[in-house]
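Chemist: Mind looking at a prediction? Sequence and model below.
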Amino acid sequence: MKMRTPLVSICIPTYNSERYLRESLESIVAQTYKNYEVIVSDNASTDGTLAILDEYVQKYGFQLHRNRENIGAHANFNKLISLAKGEYVAIYHSDDVYDKTIVEELVKVLNGDDSIGIVGSMGNIINDESVCFGSQNLPKHIKKLNKVKYNFDEALSALVKRGWFFVSASIMARKKIYDDLGMFPITEYKSAGDYELWLRIARVYNVGIVDKKLINYRAHAGQATELLIRKNTDIADIVLVLREYKEYAANKQVKRMCEDCIEANVLKAARRQNYYGYYDQSNQTIRAVLSLKYLPQRYVIQLFNALKLSIKKRSLAKAFDRKDA
């Protein structure tokens, strides 16, 4: 049977993407799935991004929209979604590189099951020079299920365990979902707004995951993830999402997993604040850690704060270096 080929809107937000943009766009042009439109919304770039985009507009008919001022990442995503005419919408990042089959693979999943609202894939992690140094893999408890379709509790449990599940730069969604359930939150969940949106959708629709490495996800010092999350001394923004969405979990164990993840993130923030010498802030943060599991670590941090000493790279630090969401 011939595969149905609905129009796919490939939406690309850009901002000072000159260094990586051409490689990313070439991976879009090379897609095996051909019924797509490419919409680019530039967020007031000041480098050579626009010159490169103009080439692709002329050569391939890409649609280019330019913001007079930087409106922020999630607002730019929403602008792209509002411009999309496709039945399916994918927001692909301008510094990542996509396997030539990613659109075709994800379309197959959405075509095959109307209960699936969004679908994404796994990938490799590359550096500034496009050299692979890691991979995105499903959490073990999810991978062993060996399936493509997941419900809300499964998606939520995957989010709080080590591993990947929602690789936002790979996700494709049905356009009607954004019309019905809304788009990216602008301020409420800060850098974790994408996770809030995916969980909001997962409460109504199943989530599809293609367990193949169909994206080369670029990790570099200039990206928003690095600037907003990895160098942040506050409690991770994902906690804002988990505090709300754990209440929707039907499985009590999943709810406990969320609560544990929240406390682990609070503990990590308190330790990081201590590391940088913000002892009063660290003490205020650590008060939220109440579970017996983390009480010994809480007392150690409080002791170091009282002594005005940074934990730094002492052996005790290893006890806190968890890779929670």
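Modeler: Thanks, I have the structure now. Just so it is clear, the structure is predicted and the values come from calculations on it, not from any experiment.

Chemist: For the longest strand along the chain, list every residue counted as buried.
Modeler: Using DSSP state E to assign secondary structure, the strand with the most residues in the chain is strand 206-218. Buried residues in strand 206-218, counted by 16 or more other C-beta atoms under 10 Å: 206-210, 213-218. In this view, the C-beta of every residue, glycine as well, is placed from N, C-alpha and C.

Chemist: What residues does the nearest residue to V57 once chain neighbours are set aside make contact with?
Modeler: For V57, ignoring the flanking residues on the chain, the nearest one in space by C-beta to C-beta, 6 or more residues apart in numbering is L64 at 5.1 Å. Residues near L64 by C-beta atoms under 8 Å, 6 or more residues apart in numbering: 40, 42, 53-54, 57.

Chemist: And for A158?
Modeler: Listed by C-beta under 8 Å, 6+ apart, the contact partners of A158 are 138-139, 141-142, 150, 165.

Chemist: what's the spacing between the residue nearest the centre of the chain and Q284?
Modeler: For the chain, the residue sitting closest to the mean C-alpha position, by C-alpha atoms, centre = their mean, is S168 at 4.0 Å. Taking C-beta to C-beta, to the nearest Å as the criterion, S168 is separated from Q284 by 31 Å.

Chemist: Return the subset of the contacts of L64 lying in helices.
Modeler: Using DSSP state H, the subset of the contacts of L64 located in helices is 53-54, 57.

Chemist: Considering those, which possesses the most neighbours?
Modeler: When neighbours are taken as other C-beta atoms under 10 Å, the top entry among the ones in helices among the contacts of L64 is L53 (24 neighbours).

Chemist: now that residue, nearest residue through space, not along the chain?
Modeler: Once its chain neighbours are removed from consideration, L53 has its nearest residue in L64; the separation is 5.3 Å (C-beta to C-beta, 6+ apart).

Chemist: Let me know the distance separating that neighbour from V8.
Modeler: 18 Å.

Chemist: Nearest to S310 among the contacts of L64?
Modeler: Nearest to S310 out of the contacts of L64 is D42 (C-beta to C-beta; 41.9 Å).

Chemist: Is the residue nearest to V57 bridged to anything, and to what?
Modeler: For L64, the beta-bridge partners under DSSP bridges are V40.

Chemist: Can you give me the pLDDT of it?
Modeler: Per-residue confidence (pLDDT) for L64: 98.

Chemist: now K2
Modeler: On pLDDT, K2 comes in at 79.

Chemist: quick one: secondary structure of it?
Modeler: Using DSSP: H, G, I helix; E, B strand; the rest coil, the three-state assignment for K2 comes out as coil.

Chemist: And G117, by the same measure?
Modeler: Assigned with three-state DSSP, G117 falls in the strand class.

Chemist: gap between V241 and D194?
Modeler: Going from V241 to D194 by C-beta to C-beta gives 10 Å.

Chemist: Those two - which one has more neighbours?
Modeler: V241 (28 against 20).

Chemist: The more buried one looks like it's in a strand, true?
Modeler: No. When the secondary structure is assigned by three-state DSSP, V241 falls in helix instead of a strand.

Chemist: my guess is it meets L197, correct?
Modeler: No. Between V241 and L197 no contact is recorded; they are 9.5 Å apart, counting by C-beta atoms under 8 Å.

Chemist: could you pull out the helices for the chain?
Modeler: According to DSSP H, the chain carries its helices in the segments 18-29, 49-60, 73-83, 102-112, 140-143, 152-160, 175-181, 193-202, 224-225, 238-245, 252-275, 279-286, 295-306.

Chemist: helices or strands up against the third one?
Modeler: In this case it means helix 73-83. Helix 73-83 is packed against strand 8-14, strand 36-42, strand 63-66, strand 88-91, with contacts defined by 3 or more C-beta pairs under 8 Å, 6 or more residues apart in numbering; DSSP states H and E.

Chemist: possible to save the ones you listed as TSV with distance to L181?
Modeler: Putting the helices and strands packed on helix 73-83 into TSV (distance: least, C-beta to C-beta, whole Å) gives the following:
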stretch	distance to L181
strand 8-14	17
strand 36-42	21
strand 63-66	24
strand 88-91	13
